[in-house]
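> what would the 3D arrangement of this be:
(chains A and B)
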Amino acid sequence: MPSMAQNGRVTTDFKQSNQAHNSNAFARREEIRQQRESLPIASVKERLIEEVKKHDVLIIVGETGSGKTTQIPQFLFSAGFCREGKSVGITQPRRVAAVTVAKRVAEECGVELGQKVGYSIRFDDRTSGVTRIKYMTDGLLLREALLDPYLSRYSVVIVDEAHERTVHTDVLLGLLKNVQKARLKSKLIIMSASLDARVFSEYFGGARAVHIQGRQHPVDILYTLYPEKDYVDAALVTIFQIHLEERHGDILVFLTGQEEIEAVERLVQERLRQLPESNRKLVTVPIFSSLPSEQQMRVFMPAPDGHRKVSLCCIVVLATNIAETSVTIPGIKFVIDPGFVKARSYDPAKGMESLIIIPTSKAQALQRSGRAGREGPGKCFRLYPESEFEKLEDSTKPEIKRCNLANVILQLKALGVDDIFGFDFIEKPSRAAIVKSLEHLFLLGALTDDCKLSDPVGHQMARLPLDPIYSKALILASQFNCLEEMLITVAMLSVDSVFYAPREKLDESRTAAKCFASPDGDHITLINVYRAAEDLLEKRKWVPHTERNEKIFKAKSEKIFKRWCKENFINGRSVRHARDIHSQIRGHVEQMGLRITSCGDDMLQFRRCLAASFFINAALKQPEGNYRAFGTGQVVQIHPSSVLFQSKVECVVFNEMVQTTNKYIRNVTRIEYMWLTELAPHYYTMQS
DNA sequence: GAAACAGGG
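Predicted coordinates:
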């Protein structure tokens, strides 16, 4: 089964398999029993349970294929760890993983999902009062901690995939370390796939670490003799070398981004045309996160004509690091690893984000090569000499050291951690980054003069699952009578761009985007797109409400929506995501007692609210046509994707500052300079 | 006249 992102509810396969009391179901049960018993972890079950009983904090290093994620929670359940209504909670860094693992474990237990075994992720809770084994995202458990700081409903908390060191994992570990002593009779298990258990062990005061063997097929690692000047060209040469010299098997190539993937696709086609007809059975399949889901699914499909297994047609999957962990592609025998990755970096002093191409870490290279050994022995071609491998960093820099900390700090403050500098992070972010984010929160009014969470604003902001600046915008919007518009705006700003511009249809997509454009800027443009989509999806509300009608019209409006997205070059996935966020946040602000009113056609009022909310990100036009950001003094340009590109407006607010070929500001709206001194006098002193 | 690695609430 493909482990791809799935939107919406889980299907009901389990009901069916439960109902079918026939030999088929029996055979399936027997098959599952055998699979479970053959896992490397099965033989150490008793020993593992003893270790958990003996130690309050345990580190489990489980190699790929050990079965730790699915089996250990079941072991703990049967050992009696779920008595007195307590549960085992297991966190995952990704939503898909939480869902697919929970489904699998429910099947292994022979129960319906949401009963004994369930999962909980944002927008999708499949648990009930009787759920005892609960899979969830680490971010969601952090949110739970806001309501229950001791996580008292869990007898065992398992933090899985801790080696990935996501921000959420790091904060969660810090929090758990803080409260573990007070969590009476409760256990903490940290599971990691990498061999450096020492980091975790030392962090938890020399905690016990155990090792469980995995089940991976051997992968031959090959290096180049000399460094390659052009890794794209080297990848290309390697693809054809494998294609022409190796026996059958699909190839996975790790590239850094969409543009590079599309370039390699074209180059492969070009070279293919120079080969004799009999050697042209090579198909390229791209995969990266912003690719529409339907096209992403192509990596799971057999080659055209279904002759992949019959003749020697070779599939070349061109992927970003999405294929390192998030997506497991079947049939891969060869991995080509140029040794580079595109990584986000953040400069707190400039408040500027950028994406830079850097060498991978050793751990990452290992993870990539492992992708060749999922189904049988494989080969990994590293496009650099072995001596270069030795020079790589052991592991990737933890995310917490390269991101904006405003949200993390707001969460910690809400959890009662007031001394951020003294907080025992597993790896401490730089002092400068912490100071910058504290300042930011202070300017937003979330913190008081003595750096405590302010009441009510700071507490309200911490409750909302949004960037702090967006939370503040909602609070202000209720005062400006435009909360309806701001809810839509922050939902749209929280998702990947809704505008989709394929390279071949650039002009068409631009023309389509113009239908939504507002001369005032991108924020109102985003509202226009959202409302257009909403009209489409809600149009059939008047139809009599029966279950059957509901289904038919849902399917129909879904179809219309899809066509509309295609015609207008809109990313349907992003719009749906924005609608989910919108409805969740709407619920929150209603609970907070904010009044949801609309400013109607009075967009001046809305723009004034944008100025009051995003005053930290304002920029003024310079004589040369550039803009100068007030806060940081950076000289920037309006991003070409903005409706205000080349518009020469005097003063703007924006949401993002990014460094690519130039310094750009994105999501920009026209305001009056005077509004800033009026609405944010604490930041803008009057200038003559 | 540009260009979005991945992931989360």
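> quick one: mean pLDDT for stretch A:193-212?
When pLDDT is averaged along stretch A:193-212, the result is 88.
> check stretch A:117-134 too.
Regarding stretch A:117-134, the rounded mean pLDDT is 94.
> again, but for stretch A:62-75
Across stretch A:62-75, pLDDT averages out at 89.
> buried residues, that stretch. List them.
Applying a neighbour-count criterion of 16 or more other C-beta atoms under 10 Å, the buried positions in stretch A:62-75 are A:62-63, A:65-75. Glycine gets a C-beta too; all of them are placed from N, C-alpha and C.
> got the end-to-end distance for it?
Length of stretch A:62-75, first residue to last, C-alpha to C-alpha, to the nearest Å: 15 Å.
> off-centre distance for it?
23 Å (C-alpha atoms, centre = their mean, to the nearest Å).
> which other residues reach that stretch?
Residues outside stretch A:62-75 that contact it (C-beta atoms under 8 Å, 6 or more residues apart in numbering): A:36, A:39-42, A:45, A:48-49, A:60, A:88, A:90, A:92, A:101, A:104-105, A:108-109, A:133, A:158, A:160, A:189, A:191-193, A:211-216, A:370.
> how many neighbours does whatever residue of the stretch 551-688 of chain A ends up closest to DNA strand B have?
At 2.7 Å from DNA strand B, A:T660 is the closest residue in the stretch 551-688 of chain A, using C-beta to the nearest atom of the strand. If you count neighbours by other C-beta atoms under 10 Å, A:T660 ends up with 10.
> so of the contacts of stretch A:62-75, which ones are in helices?
A:R36, A:K45, A:L48, A:I49, A:V101, A:R104, A:V105, A:E108, A:C109, A:G370 (DSSP state H).
> which element is the nearest residue to A:E108 once chain neighbours are set aside on?
Nearest non-adjacent residue to A:E108, counting by C-beta to C-beta, 6 or more residues apart in numbering: A:I32, 5.5 Å away. Per DSSP states H and E: A:I32 is located in helix A:23-38.
> next one: A:D424
Under DSSP H and E, no helix or strand contains A:D424.
> for it, list the residues it contacts.
Counting by C-beta under 8 Å, 6+ apart, A:D424 has contacts A:G174, A:K177, A:N178.
> in strands only, show me the residues you listed.
Using DSSP state E, no member of those sits in strands.
> now, of those, which are buried?
A:G174, A:K177, A:N178.
> check what pLDDT A:G139 gets.
Looking at A:G139, the pLDDT reads 93.
> which helix or which strand is home to the nearest residue to it once chain neighbours are set aside?
Distances taken as C-beta to C-beta, 6+ apart place A:H168 nearest to A:G139, at 4.6 Å, with adjacent residues excluded. Using DSSP H and E, the element containing A:H168 is helix A:167-179.
> so does that helix get close to DNA strand B?
Yes. Using C-beta under 7 Å from any atom of the strand, helix A:167-179 comes into contact with DNA strand B via A:V167, A:H168.
> about what we covered before: can you pull the contacts of the residue nearest to A:G139?
Neighbour list for A:H168: A:P93, A:T137, A:D138, A:G139, A:L142 [criterion: C-beta under 8 Å, 6+ apart].
> what are the buried residues along the helix holding A:I32?
Judged by neighbour count (16+ other C-beta under 10 Å), helix A:23-38 contains no buried residues.
> now stretch A:397-405
For stretch A:397-405, burial by neighbour count (16+ other C-beta under 10 Å) applies to A:P398, A:E399, A:I400, A:K401, A:R402, A:C403, A:N404, A:L405.
> tell me the secondary structure for the third one?
Following DSSP: H, G, I helix; E, B strand; the rest coil, A:I400 is assigned to helix.
> near DNA strand B, which of the contacts of stretch A:62-75 show up?
Okay, of the contacts of stretch A:62-75, nothing touches DNA strand B (C-beta under 7 Å from any atom of the strand).
> just the buried ones from those?
Applying a neighbour-count criterion of 16+ other C-beta under 10 Å, the buried members of those are A:39-41, A:45, A:48-49, A:60, A:88, A:90, A:92, A:101, A:104-105, A:108-109, A:133, A:158, A:160, A:189, A:191-193, A:212, A:214, A:216, A:370.
> quick one, helices of the stretch 551-688 of chain A?
Assigned by DSSP state H, counting those that start in this stretch, the stretch 551-688 of chain A shows helices spanning A:572-591, A:603-613, A:673-679.
> buried deepest among those helices, which one?
helix A:603-613 (a mean of 23; mean count of other C-beta atoms under 10 Å).
> how about residues contacting that helix?
A:469, A:472-473, A:476-477, A:480-482, A:485-486, A:489, A:518, A:520-521, A:523-524, A:599, A:618, A:653, A:669-672, A:675-676, A:679-680.
> starting at the chain centroid, how far to it?
30 Å.
> counting neighbours, what do you get for the closest residue to DNA strand B within chain A?
Nearest residue of chain A to DNA strand B: A:S497, at 2.3 Å (C-beta to the nearest atom of the strand). Residues near A:S497, counting by other C-beta under 10 Å, number 15.
> tell me the contacts of it?
A:S497 sits next to A:N571, A:S574, A:S641 when contact means C-beta under 8 Å, 6+ apart.
> now with 10 Å?
Applying C-beta atoms under 10 Å, 6 or more residues apart in numbering, we find A:S497 in contact with A:S290, A:L526, A:I570, A:N571, A:S574, A:S641, A:R666, A:N667.
> same question for A:K413.
Counting by C-beta under 10 Å, 6+ apart, A:K413 makes contact with A:420, A:438, A:441, A:446-447, A:451-454, A:458-459, A:461-462.
> out of those residues, which is most surrounded?
The residue in those with the most neighbours, by other C-beta under 10 Å, is A:M461 (29 neighbours).
> report the spatially closest residue to it, excluding sequence-adjacent ones.
Spatial nearest neighbour of A:M461, excluding adjacent residues (C-beta to C-beta, 6+ apart): A:S471 at 4.1 Å.
> do the same with A:K342
Using C-beta to C-beta, 6+ apart, the nearest residue to A:K342 is A:T256, at 4.2 Å.
> quick one on the thing from earlier: export the ones in helices among the contacts of stretch A:62-75 to CSV and tack on pLDDT?
Output for those, formatted as CSV (pLDDT from 0 to 100):
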residue, pLDDT
A:R36, 85
A:K45, 91
A:L48, 93
A:I49, 95
A:V101, 91
A:R104, 91
A:V105, 94
A:E108, 92
A:C109, 93
A:G370, 90
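> show me chain A divided up by domain.
Listed by automatic domain parsing, the domain ranges of chain A are A:13-212, A:219-399, A:404-450, A:614-679.
> so does the third one get close to DNA strand B?
So that's domain A:404-450. Yes. Counting by C-beta under 7 Å from any atom of the strand, DNA strand B has neighbours in domain A:404-450: A:N407.
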